[in-house]
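*Asks:* Have a look; sequence and predicted model below, questions after that.
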Amino acid sequence: MASENYVQPSIPRFDGHHYDHWSMLMENFLRSKEYWTVIEAGVPEPAAGADDAQRAEIEKEKLKDLKAKNYLFQAIDRAILETILNKYTSKTIWDSMKKKYQGNERAKRQ
């Protein structure tokens, strides 16, 4: 009955403050779920002559992307999420957040 003692890790929440800390926690969370590859590389487009195995692999990556996006949607405060224009992939969401918030806390402290 070891599963009764298992605690599901909580999704780190981002409310507009301490982005660097949140992104570190969120990256670790997504890596633990094995979804970080779609954040880093995105989802490849199928090649013109892709065979069934290649298309199946891309579909797996698309599913990973949907799951990663779901976690990001849960993690990011609604008001912040509404400011992100391109929410098509987890990579575009992550990149938008990084561009907008990375380094902001350091700049405010100086």
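*Replies:* Done, it's in.
*Asks:* only C-alpha atoms for contact and neighbour calcs from this point on.
*Replies:* Fine.
*Asks:* Low-confidence ranges, this protein, go.
*Replies:* Low-confidence segments of the chain (pLDDT under 70): 1-4, 6-7, 104-110.
*Asks:* Now do the helices in it.
*Replies:* With DSSP state H as the criterion, the chain has helices at 19-32, 36-41, 52-75, 78-81, 90-101, 104-109.
*Asks:* And the first one, what does it pack against?
*Replies:* So the one you mean is helix 19-32. Here helix 19-32 touches helix 104-109, going by 3 or more C-alpha pairs under 8 Å, 6 or more residues apart in numbering; DSSP states H and E.
*Asks:* Reformat the helices of the chain as a markdown table; add distance to P12.
*Replies:* As requested, the helices of the chain are exported to a markdown table (distance: least, C-alpha to C-alpha, whole Å):
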| stretch | distance to P12 |
| --- | --- |
| helix 19-32 | 6 |
| helix 36-41 | 15 |
| helix 52-75 | 6 |
| helix 78-81 | 14 |
| helix 90-101 | 14 |
| helix 104-109 | 18 |
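*Asks:* Dump these into CSV; add mean neighbour count and distance to I11 as well.
*Replies:* Below are those laid out as CSV (neighbours: other C-alpha atoms under 10 Å; distance: least, C-alpha to C-alpha, whole Å):
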stretch, mean neighbour count, distance to I11
helix 19-32, 16, 7
helix 36-41, 17, 14
helix 52-75, 16, 6
helix 78-81, 13, 15
helix 90-101, 17, 15
helix 104-109, 10, 21
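*Asks:* And the ones you listed: which comes nearest R13?
*Replies:* Taking C-alpha to C-alpha, helix 52-75 is the member of the helices of the chain nearest to R13, at 4.4 Å.
*Asks:* mind checking how far the closest one is from the chain centre?
*Replies:* Mean-position distance between helix 52-75 and its chain equals 11 Å (C-alpha atoms, centre = their mean, to the nearest Å).
*Asks:* try stretch 38-48
*Replies:* On C-alpha atoms, centre = their mean, the centre of stretch 38-48 falls 15 Å from the chain's centre.
*Asks:* neighbouring contacts of that stretch?
*Replies:* Contacts to stretch 38-48, defined as C-alpha atoms under 8 Å, 6 or more residues apart in numbering, come from residues Q54, R55, I58, E61, K62, K64, D65, A68, T89, S90, K91, W94.
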